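J.: coords below, sequence missing:
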């Protein structure tokens, strides 16, 4: 039961969300029907599949595998092209009154600029999440690990300010990389960062078949779920410490319970996205996780996420 005296509402990038929990770009957000299902759920916002200039089929199948600890995928950005997600924005926002966020992964700076310039003209799009961290496109490196290229990208998109733009980051592991990336982001009008995308180029093995579990890239793919929660929490915590106060942090990685959400918020996240668990449980996961978060907050005597957000005790 959702507890009316315990609010999980939040705001980031000027957006108001009745729930701080919504979907990660990736699972079940490619078609209008899938996006409608998210809208009808307890998710606080709706984000699309990362879109490219033109529609893509993505990598060969099988390209997704899940076990009790998480998932591996090498989807390769299957999507319907940015114009599709732009064209359904008005209908979806009118029906659900939730922020509609378009994820963009244009495969080149030129393509990203063309997509972003077009999306900026659509008033029903609440925000844009620019994906600089997809590890599963053959022949394409993750932009966010190339710091000079990140500077080039952020400099190019800086004049586009009609709609808030955030960036989705890969996981970083060294303090110097946190510091260098944060210093770059702090120079530009970025509204939010999403931490983190999957850990790139992991490998899972089927011991019975003595074979990899997915086909693309020789079985290499992005790792999600329980496997990455400590890394995701570290990235949320460190970027919240290093970024300008006006840049929001969205947590993503290893969230399948209300406690997991609480930990991300405690590290400083303003909202969270759910990927692997959403893939397996579909849109019913949002109501369950909201209820679990509210129950935990009530148990601790918290009435809103502001009571504990960013208040992690560190030695």
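T.: Nice, thanks for sending it over. Treat the numbers as computed from the prediction; the structure is a model and nothing was measured.

J.: for residue 63, what are phi and psi?
T.: Residue 63 adopts backbone torsions of phi -130, psi 10, taken as degrees, to the nearest 10.

J.: hang on, it packs against residue 77?
T.: No - assessed by C-beta atoms under 8 Å, residue 63 is found out of contact with residue 77, at 11.1 Å. Heads up, the C-betas are built off the backbone N, CA and C, glycines and all.

J.: what average pLDDT does whichever strand or helix holds residue 84 get?
T.: Following DSSP states H and E, one finds residue 84 within helix 82-87. Mean per-residue pLDDT for helix 82-87: 98.

J.: tell me which residues in it are buried?
T.: Using 16 or more other C-beta atoms under 10 Å as the test for burial, helix 82-87 gives 82, 84-86.

J.: same question for stretch 243-253.
T.: In stretch 243-253, counting by 16+ other C-beta under 10 Å, buried: 243, 247-253.

J.: that stretch: how far from the chain's middle?
T.: 11 Å (C-alpha atoms, centre = their mean, to the nearest Å).

J.: likewise for stretch 55-62?
T.: So, by C-alpha atoms, centre = their mean, the centroid of stretch 55-62 is 20 Å from its chain's centroid.

J.: over to stretch 15-28?
T.: 8 Å.

J.: do stretch 24-38 as well
T.: Computed by C-alpha atoms, centre = their mean, the chain-centroid distance of stretch 24-38 equals 13 Å.

J.: ok, and what's touching it?
T.: Stretch 24-38 is contacted from outside by 22-23, 46-50, 73, 75, 78-80, 88, 91-92, 95, 103, 129, 131, 168, 252, 273-276, 278-279, 282-283, using C-beta atoms under 8 Å, 6 or more residues apart in numbering.

J.: rerun that using 7 Å as the cut-off
T.: 23, 46-50, 78-80, 88, 92, 103, 129, 131, 252, 273-275, 278-279, 282-283 (C-beta atoms under 7 Å, 6 or more residues apart in numbering).

J.: what ranges does the stretch 151-300 of the chain have for its helices?
T.: Ranges of helices within the stretch 151-300 of the chain are 175-185, 229-242, 258-266, 276-281, 284-300, based on DSSP state H, counting those that start in this stretch.

J.: relative to residue 213, which of the ones you listed is closest?
T.: helix 276-281 (14.5 Å; C-beta to C-beta).

J.: how about low-confidence regions in the stretch 51-200 of the chain?
T.: For the stretch 51-200 of the chain, no stretch is flagged by pLDDT under 70.

J.: which strand or helix spans residue 29?
T.: Under the criterion of DSSP H and E, residue 29 resides outside all helices and strands.

J.: quick check: chain neighbours aside, which residue is closest to it?
T.: What sits nearest to residue 29 in space, not counting adjacent residues and going by C-beta to C-beta, 6 or more residues apart in numbering, is residue 49, at 5.0 Å.

J.: part of a strand, is that neighbour?
T.: No - Residue 49 is assigned coil when assessed by DSSP: H, G, I helix; E, B strand; the rest coil, not a strand.

J.: test my guess that it contacts residue 79.
T.: Yes - applying C-beta atoms under 7 Å, one finds residue 49 in contact with residue 79, separated by 4.5 Å.

J.: which strands or helices does the helix holding residue 84 pack on?
T.: Helix 82-87 is packed against helix 109-119, with contacts defined by 3 or more C-beta pairs under 7 Å, 6 or more residues apart in numbering; DSSP states H and E.

J.: please state the offset of the helix or strand following the helix it packs on from the chain centre?
T.: Per DSSP H and E, the first helix or strand lying C-terminal to helix 109-119 is strand 127-131. The chain centroid and the centroid of strand 127-131 are separated by 9 Å, computed with C-alpha atoms, centre = their mean.
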